[in-house]
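1. Using only what follows, build the 3D model:
(2 chains)
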Amino acid sequence: MPSSMSNLPELELSANATPVVAPPDGLIAILNAIAGDSQQQPSLYLDETVVPYGGE
Amino acid sequence: MANNATIFDRLVGLETEYAIRFHPTDPQASRPPKYLLFRALVLALRRQLLTVEAKHFKDGVFTATGGAVWFECERPSSDGGLVEGSTPECRGPRQVLAYQRAQDRLLSEAAQAAGVAGEFALLKNDRDALGNVYGAQENYEATLASGWRLAAWRAGLIMILPLVICTWLGFLFLIVSMLGYIGFASLLYFPLEALDRSKRLALFLFGRDVAEGRETGHQCPAWLAVILDKTTRVLTAPLALALLALTHLFAFRTTRQALTPFLISRAVLSGAGHVDADGKYQLSDKAPAMNCLVGFGGFLWDRPLFSFGHFFKTIFVEACFSPRDYFDLLQPRQRLQIALGDSNMADTAEFLRIGTTLLVLDCLEAGELPNIPRVKRPIRALHRLCADPSLTATLQLSGGQSATAIELQRFYWQACRRFLDRRPEAPAEAREVLRRWGDVLDRLEHEPQSLVGELDWVTKLFLLEQAGRDAGYTSRKKIDLRYHELSDAGYFMKLKNGEHTTVLIDDDDVERAMRTPPPDSPATTRGHYIREFGGGDETVTANWKYVFLGDGPRAKAIRVTDYGRPGVPPPKGKRKKRGKDAPSGEG
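-> Numbering: from 1, shown residues only, chains lettered A, B, ... in the order given. Sure thing, here's the model as predicted:
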């Protein structure tokens, strides 16, 4: 496990879990960036990544 | 008493299908066909690495590392298609991981350098937002059968030979019919060529390649592609069903029975996580789509745990041109293809996916995997386990017992520990797999949060809870999908670049794997010839078994599966059989 992950929040394995301990600062910045990006035209992203008929 | 079984000595390879994402710079511009993006990617790849065209029924290239890159498309006119990467034939999980990471990096860099007017990125996942399934397959060299089962397998292959020949003749008739159609369509088209609507007519009669005068991957009209697809399925159905019965009865039967409970529960280690259509979280991307234990990987609308599509392709396509390939299927060592497994972003997950499977196979073939529990209704059990991220769901076993996924994994872990305890000479890598495997199982039970950055399903769930907690379905689904994007904008890559993930392979090893083939493998010979002759004037092509120097009937064919291992005497009854159908990441 990377040292930066040693203080991660308690992860409850359910869809609505709430973290107990705050993640480290560097990770918070990444999580904020992901939270922001995931709100940007999500339907377009889903559409752009469709693979008609799938594969093997 | 321990026998002299070898450990991590078998060939293994991965096949990975990457979804294509393209976002045009000009929002008004139409998206180019996926095939054109693939060709642009291959051109960019050639600037980094020597490649030669594949002599294969799929469009693709082989690289100087011994691996391959393909355009995978079930129906070209659908405008669909994936980039498929096949690692070279490797040995041991660290080597596989190095070549898989090298492949991920080479393809991702090639996509970014492809020079197309927009963002071009690849997603290493297994399912799109509409539920179409693709992704990863693993190939392991393994014993197909022994004793009476091997004899029955061989007899069965000989008995279906007349059916094989009838199928070839039927396919020949289909080709002749196609040529007749082209002649008829040309006679119809040319007198009308001067009309205003001639381009639409050409599109209808001949498809996009002819109508636009360029390669788009649409070599025939969409309606004809559908007819050809259906006709081929009907034509080959008797052979496919006969071969399916044969494989079901005799091919890898003992191995399949022993591996099934292991593979069903393996998602706790290597599942990629997935937000399903109801917004619920599943451990695995691909597993919920599985619908049978044995099949051909989609040909019969099947999604099997064990795929025998490569046997079918060998018989239906390759043996038609090279009869030796048919008789190679009589050998006891063959390629076992596991289709139940997700594409992994996290090193630990990918290392354990391959390493634990290799260890279980070694233990099994040494005859030291005792009293394997049978899971009742295995496909239903698989779906049940994957729908339970709390890992508390239990499965019904034969004999009235039940077990959780972690308990099943512990059964195999303990068997492998005993197997290694009896072998002090076992490679350190095998002990590393055992140590990491046991450690991950312990942490899944007691502190799963510590596995963020190590297991994909735990990491993705963490991102969904932290970054997508109050978001709607589409945003959460975007997190699910963009987790797998290989560019720096991908969410796992953001964590990796921020050093929030565990890295098991040094950059130096990945860079080496981006340039040179692994030693002691058919890929060594293949890569050697590609490096030596691929950049010259002579035409060089390759497939998984041969490299061809020159064109036409005078081309020299070098069989790469006849490679030798200097200084290593072949173990009795095993080594000399290697290489008949070596397990690259071949599809």
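
2. Near chain A, which residues of the stretch 351-500 of chain B? Just list them.
-> Listed as neighbours of chain A in the stretch 351-500 of chain B under the rule Cβ under 8 Å from any Cβ of the partner chain: B:389-391, B:448-454, B:458, B:461-469, B:471, B:474-479, B:481-482, B:489, B:491, B:494-495, B:498-500. No exception for glycine: its C-beta is placed from N, CA and C like everyone else's.

3. I only care about the residues you listed that end up buried; give me the ChimeraX line for that.
-> Here is the ChimeraX command that selects the buried residues among these (16 or more other Cβ atoms under 10 Å in any protein chain shown):
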select /B:389,391,448,449,450,451,452,453,454,458,461,462,463,464,465,466,467,468,471,474,475,476,477,478,479,481,482,491,494,495,498,500
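
4. list the buried ones in stretch B:524-539?
-> B:524-531, B:533-534.

5. can you redo these as a markdown table with distance to chain A?
-> Shown next, in a markdown table, are the buried residues of stretch B:524-539 (distance: Cβ to the nearest Cβ, whole Å):
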| residue | distance to chain A |
| --- | --- |
| B:Thr524 | 27 |
| B:Thr525 | 26 |
| B:Arg526 | 22 |
| B:Gly527 | 25 |
| B:His528 | 29 |
| B:Tyr529 | 28 |
| B:Ile530 | 25 |
| B:Arg531 | 29 |
| B:Phe533 | 31 |
| B:Gly534 | 27 |
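
6. give me the residue from chain B nearest chain A.
-> B:Tyr134 (3.1 Å; Cβ to the nearest Cβ).

7. tell me the phi and psi of that residue?
-> Torsion angles at B:Tyr134 (phi, psi; degrees, to the nearest 10) stand at phi -150, psi -150.

8. before we move on, what about B:Ala542?
-> Dihedral angles (degrees, to the nearest 10) for B:Ala542: phi -150, psi 160.

9. so how far is B:His383 from the residue of chain B closest to chain A?
-> As judged by Cβ to Cβ, to the nearest Å, B:Tyr134 and B:His383 stand 19 Å apart.

10. what about those two, which has more around it?
-> More crowded of B:Tyr134 and B:His383, by other Cβ atoms under 10 Å in any protein chain shown: B:Tyr134, with 28 against 19.

11. So what's the gap between the helix or strand that contains B:Val176 and the chain middle?
-> B:Val176 is part of helix B:161-189, with elements assigned from DSSP states H and E. Relative to its chain's centre, helix B:161-189 lies at 31 Å (Cα atoms, centre = their mean, to the nearest Å).

12. name the helices or strands packed onto that helix?
-> helix B:198-206, helix B:222-250 (3 or more Cβ pairs under 8 Å, 6 or more residues apart in numbering or on different chains; DSSP states H and E).

13. now do 10 Å
-> Applying 3 or more Cβ pairs under 10 Å, 6 or more residues apart in numbering or on different chains; DSSP states H and E, one finds that helix B:161-189 makes contact with helix B:198-206, helix B:208-212, helix B:222-250, helix B:319-321.

14. And the average pLDDT for it is what?
-> In this model, helix B:161-189 has a mean pLDDT of 93.

15. Extract the C-alpha trace of the helix or strand encompassing B:Leu382 and format it as CSV.
-> Using DSSP H and E, B:Leu382 maps to helix B:378-386. Taking Å, rounded to 0.1, in the frame of the first residue of the first chain, the C-alpha atoms of helix B:378-386 are listed here in CSV:
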residue,chain,number,x,y,z
PRO,B,378,-22.3,-21.9,-10.9
ILE,B,379,-23.6,-19.1,-13.2
ARG,B,380,-26.3,-18.1,-10.8
ALA,B,381,-23.7,-18.3,-8.0
LEU,B,382,-21.3,-16.0,-10.0
HIS,B,383,-24.0,-13.4,-10.5
ARG,B,384,-24.9,-13.6,-6.8
LEU,B,385,-21.3,-13.1,-5.6
CYS,B,386,-20.7,-10.2,-8.0
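
16. Can you give me the buried ones in that helix?
-> Quick answer for helix B:378-386 (16+ other Cβ under 10 Å): B:378-379, B:381-386.

17. how distant is the helix-or-strand element of chain B with minimal mean pLDDT from the center of its chain?
-> Scoring the helices and strands of chain B by mean pLDDT, DSSP states H and E places helix B:208-212 at the bottom, with a mean of 83. How far helix B:208-212 lies from its chain's middle: 31 Å, per Cα atoms, centre = their mean.

18. and that helix with chain A, contact?
-> No: if you take Cβ under 10 Å from any Cβ of the partner chain as the test, helix B:208-212 misses chain A, and the best it gets is 15.3 Å.

19. for that helix, which positions count as buried?
-> B:208-211.

20. helix or strand for B:Arg436, which one?
-> Assigned by DSSP H and E, B:Arg436 falls in helix B:428-446.

21. Please list all residues in contact with B:Val294.
-> By Cβ atoms under 10 Å, 6 or more residues apart in numbering or on different chains, the residues touching B:Val294 are B:244-245, B:247-249, B:251-253, B:256, B:302, B:304-308.

22. which stretches of the chain aren't confidently modelled?
-> Going with chain A. A:1-23, A:54-56 (pLDDT under 70).

23. My question was about chain B, not that one.
-> Residues of chain B that meet the cut-off, pLDDT under 70, sit at B:1-5, B:75-78, B:196, B:563-587.

24. rerun at 80
-> B:1-5, B:74-79, B:192-198, B:214-219, B:298-301, B:562-587 (pLDDT under 80).

25. report the longest strand in it, please.
-> strand B:12-24 (DSSP state E).

26. Whatever helix or strand B:Ala349 lives in relative to helix B:428-446, how many degrees between them?
-> Assigned by DSSP H and E, B:Ala349 belongs to helix B:347-365. Orientation check (axes from the mean of the first three to the mean of the last three Cα atoms, to 10 degrees): helix B:347-365 against helix B:428-446 gives 110 degrees.

27. Helices of chain A, residue ranges please.
-> Along chain A, counting by DSSP state H, helices occupy A:25-38, A:42-48.

28. Just put the ones you listed in a markdown table and tack on distance to chain B and mean neighbour count.
-> Formatted as a markdown table, the helices of chain A follow (distance: least, Cβ to the nearest Cβ, whole Å; neighbours: other Cβ atoms under 10 Å in any protein chain shown):
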| stretch | distance to chain B | mean neighbour count |
| --- | --- | --- |
| helix A:25-38 | 4 | 16 |
| helix A:42-48 | 4 | 17 |
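
29. what would those look like in CSV with distance to B:Ser146?
-> Listed next are the helices of chain A as CSV, based on distance: least, Cβ to Cβ, whole Å:
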stretch, distance to B:Ser146
helix A:25-38, 52
helix A:42-48, 49
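
30. got the buried residues of stretch B:524-539 as TSV, with distance to B:Arg91 columns?
-> Listed next are those as TSV, based on distance: Cβ to Cβ, whole Å:
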residue	distance to B:Arg91
B:Thr524	11
B:Thr525	15
B:Arg526	15
B:Gly527	15
B:His528	17
B:Tyr529	20
B:Ile530	20
B:Arg531	21
B:Phe533	26
B:Gly534	24
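
31. show me the contacts for B:Ala237.
-> B:Ala237 neighbours (Cβ under 10 Å, 6+ apart): B:167, B:299-300.
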